[in-house]
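*Asks:* Next one to model:
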Amino acid sequence: MLPDTLTSRFPYIIRELAGSGGNFGTVLPLLFAVSIACGMSISLMLVWAAVFYGISGFWYRIPVPVEPLKAVGALAIAGHLSANLVAASGILVGIICLAIGMLGCMEKIEKIIPQPVIRGVQLGLAFVFVKSAFFDFILQDLWFTIISVGIISVIFLIRQYHAIPDLSAICIISAGFLAAGIQAGFPSLSVISLLPLPVLVIPSVEDFLKALVILVPSQIPLTLTNAVLATSLLVTDLYKKTISPDRLCRTVGVMSITSSLFGGFPLCHGAGGLAAHYRFGARGGLSLVFGGILLFVLAIICADPEIISSLPQGMFGVLLLVVAYQLAVYGVRTTDRLTTGMMAVLAIPLGLTVAFCSGLILSALMQYRLRKR
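*Replies:* Coordinates of the predicted model:
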């Protein structure tokens, strides 16, 4: 957390810029992996992420994050699913979330899902991020991991004596693209011509049926807890403001449907992203506007396929670890350590959906036991 004196002593714009890339450690690794596994255009996915970064910043006035649907992304990467199947899942998840938000059902769902279960999702997601950071990225690129840790350490030491924003995320990402540019060559302005235009994607009936069976059941519990309820709870924790879960659910629906229909990856909010933006200095919606601009620039750069293949994996791993730490800080703020802890442990081998269901069952049994007393 940034020192309180930073708010008054350092220019607001610099702090917002520092926090703008805080969630890139979640957004970029998943989108790049999906692009490689599923053949989807990384530039087009980044463009839609950039668009909704800006919209979310203007709409909420605080850095309510925009990030890919994690369960859909994980299953798409593991199964090398088609772009149309991914789009079908995003459209279905979006329709469900939009309907729930429009009908005002999140208040009822919030009463059904206890807070320790929401905290368990946060802590479990932190554990999943740590596992992914090490096995998918850090172990594949120890040299850049060491460089990234060095950057974080130097900035940490400087901040002990000077009230400056935490610029480590921006510095690590900049170093990563610099390394890719040195290896593959820096793209010229002509690369802009390679940026693909959005195209309407209409999945088949078969795609929708497969998505309804394979992808949607895993994603919906995670979306309603982490993207909506946990994000709403964390907004209050960090910013002392209230954003209703129904409002968040509606914007998740709009983002997921729109991005999926026009060649992007389905999008949502997320407690981890909110924690990351706050951790790196973001306090207002301007940070997301800056983040959207950066993502659009990355979309142009990544139109060059050689740059994509040259990005250091260690960059994503270290950023994921930072996000995991900040998410875990709030995940442990639970009133029921047994339920939250069990969910976090189960999330690694069995996934967040199983952990969520187990947490609900254990919480219900404990409540029943208390009532019997």
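*Asks:* which non-adjacent residue is nearest residue 288?
*Replies:* residue 57 (3.1 Å; CB to CB, 6 or more residues apart in numbering). (Each C-beta comes from the backbone N, C-alpha and C, glycine too.)
*Asks:* pLDDT wise, what is the one you found at?
*Replies:* What the model reports as pLDDT for residue 57 is 95.
*Asks:* ditto for the one 3 residues further on
*Replies:* In the predicted model, residue 60 carries a pLDDT score of 96.
*Asks:* circling back to that earlier point, what's near enough to touch the residue nearest to residue 288?
*Replies:* Shown in contact with residue 57 (CB atoms under 8 Å, 6 or more residues apart in numbering): 63, 284, 285, 286, 287, 288, 289, 291, 292.
*Asks:* how does it look with 6 Å?
*Replies:* 285, 288, 289 (CB atoms under 6 Å, 6 or more residues apart in numbering).
*Asks:* what's the host helix or strand of the second one in contact with?
*Replies:* The secondary structure element spanning residue 288 is helix 286-301 (assigned by DSSP states H and E). When contacts are defined by CB under 6 Å, 6+ apart, helix 286-301 is touched by residues 16-17, 19-20, 43, 46-47, 49-50, 53-54, 56-57, 63, 187, 192, 195, 277, 307.
*Asks:* Would you mind listing which of those are buried?
*Replies:* By neighbour count, with 16 or more other CB atoms under 10 Å, those hold 16-17, 19-20, 43, 46-47, 49-50, 53-54, 56-57, 63, 187, 195, 277, 307 as buried.
*Asks:* Let's see which of the contacts of helix 286-301 end up in helices.
*Replies:* Judged by DSSP state H, the contacts of helix 286-301 include 16-17, 19-20, 43, 46-47, 49-50, 53-54, 56-57, 277, 307 as members of helices.
*Asks:* ok, of those residues, which one's closest to residue 346?
*Replies:* When the ones in helices among the contacts of helix 286-301 are ranked by distance to residue 346 (CB to CB), residue 277 comes first, at 27.9 Å.
*Asks:* Could you double-check that that closest one lies in contact with residue 22?
*Replies:* Yes: if you go by CB atoms under 6 Å, residue 277 and residue 22 touch, sitting 4.3 Å apart.
*Asks:* hmm, back to that, only C-alpha atoms, please: export the helix holding residue 288 in CSV.
*Replies:* This file holds the C-alpha atoms of helix 286-301, laid out as CSV (Å, rounded to 0.1, in the frame of the first residue of the first chain):
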residue,chain,number,x,y,z
LEU,A,286,-7.7,8.1,-15.1
SER,A,287,-5.5,5.1,-14.5
LEU,A,288,-7.7,2.9,-16.6
VAL,A,289,-7.7,5.5,-19.4
PHE,A,290,-3.9,5.4,-19.4
GLY,A,291,-4.0,1.6,-19.3
GLY,A,292,-6.3,1.6,-22.3
ILE,A,293,-3.9,3.8,-24.2
LEU,A,294,-1.0,1.5,-23.3
LEU,A,295,-2.9,-1.6,-24.3
PHE,A,296,-3.8,0.0,-27.7
VAL,A,297,-0.1,0.8,-28.2
LEU,A,298,0.7,-2.8,-27.4
ALA,A,299,-2.0,-4.0,-29.8
ILE,A,300,-0.2,-2.1,-32.6
ILE,A,301,3.3,-3.4,-31.6
